[in-house]
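Peer 1: Sequence first, then the predicted structure, then my questions.
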Amino acid sequence: MSCDEKVDCGRRRLLVATAAAGGAAGVVAVVPFVASMLPSERAKSAGAPVEADISKLAPGEMMTVEWRGKPVWIIHRTKEMLDGLAKIGDKLVDPQSEKQMQPEYCKNEYRSIKPEIMVAVGICTHLGCSPTEKFKTGAESGVETDWPGGFLCPCHGSTFDLAGRVYKNKPAPDNLEVPPYKYLSDAKIVIGEDTTGA
Ligand code: FES
C-alpha cells in the first residue's frame with residue numbers, strides 16, 4: 001500500500017511498528033511473564049515526548065522536530081503574521097478548530113498556547129504529503145496575489161494559513177493536527193504530552 005491512497009500514513013507506520021514488536025514478543029515467550037510485559041527501550045523512545053529548545057528561534061522563523069516519526073513544526077510568528085490570521089476567517093473551513101478532536105488550547109484563531117508560537121504536525125490532512133512553507137506574502141509567494149503567508153501542499157494544492165488552518169474548497173478536509181505539548185520554560189517545549197495528561 002502506498003501513501004497515494006487515502007490512509008493515515010503516520011498511523012500506518014505506527015501500526016507496522018506495533019506489529020513488528022508483537023512478533024518479537026512471540027520469539028521471547030520463555031521470558032518470565034512480568035519481564036515480558038515491560039515495553040522495550042526502543043518502543044518507549046519511539047512514542048516518548050520530545051523536548052525542543054526554542055531559545056534561538058527568531059520571529060518569522062520555523063524549526064522542525066521529529067515526534068513519533070512525524071515532523072512537528074514550531075513557528076515563531078511575528079506580529080504581522082498574527083494580525084493576518086484575524087482577517088481570513090471567512091476563507092477557512094474551521095477557523096476556530098471546532099470541528100476536530102483537538103487540544104482545547106488550540107481552539108482559538110492562533111491555535112496555540114502562546115499566540116506567537118505555533119506548534120503543528122507538518123503532514124497534510126488530505127493524503128499525508130508534507131506541505132511547503134510559503135511565508136512570503138502576495139504575488140512573491142507564487143501562490144496567490146493576495147496570499148497572506150502559510151503553507152502549500154505540493155501534491156494536490158491544499159493551502160493552510162500560518163495557524164495550520166485549511167482553506168475552503170481544497171482537497172484537505174481538516175486543519176493540520178496540533179499535537180499535545182506544554183512549556184517547561186519560555187525556551188523549552190515538550191511535544192507529546194500536555195498539562196491535561198494527554
Ligand atoms: S496530500 Fe493532497 S493536498 Fe496535500
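Peer 2: Noted; the coordinates are in hand. Numbering: from 1, shown residues only.
Peer 1: Run a quick neighbour tally on Thr64.
Peer 2: Using other C-beta atoms under 10 Å, Thr64 is surrounded by 14 other residues. All C-beta spots, glycine's among them, are computed from the backbone N, C-alpha and C.
Peer 1: Paired strands for the strand or helix carrying it, with orientation please.
Peer 2: Taking DSSP states H and E as the criterion, Thr64 maps to strand 62-67. With DSSP bridges as the test, strand 62-67 is paired with strand 70-76 (antiparallel).
Peer 1: If you average the pLDDT over the helix or strand following the partner strand, what comes out?
Peer 2: Sequence-wise, the next helix or strand downstream of strand 70-76 (DSSP H and E) is helix 79-85. Mean pLDDT, helix 79-85: 93.
Peer 1: Can you give me the buried ones in the strand holding Thr64?
Peer 2: Met62, Val65, Trp67 (16 or more other C-beta atoms under 10 Å).
Peer 1: Let me know the closest of those to Asp83.
Peer 2: Proximity of the buried residues of strand 62-67 to Asp83 (C-beta to C-beta) peaks at Met62, which lies at 18.2 Å.
Peer 1: So the closest one is in contact with Arg77, correct?
Peer 2: No: applying C-beta atoms under 8 Å as the test, Met62 and Arg77 come out as separate, 9.4 Å apart.
Peer 1: Where does pLDDT dip in this structure?
Peer 2: The chain contains residues with pLDDT under 70 at 1-45, 100-101, 197-198.
Peer 1: domains of it?
Peer 2: Using automatic domain parsing, the domain ranges for the chain come out as 1-47, 49-191.
Peer 1: Highest mean neighbour count out of those?
Peer 2: Most buried of those, by mean neighbour count (mean count of other C-beta atoms under 10 Å): domain 49-191, with a mean of 17.
Peer 1: How about that domain and the ligand, any contact?
Peer 2: Yes: using C-beta under 6 Å from any ligand atom, we find that domain 49-191 touches the ligand at Cys124, His126, Leu127, Cys129, Cys153, Cys155, His156, Gly157, Ser158, Pro171, Ala172.
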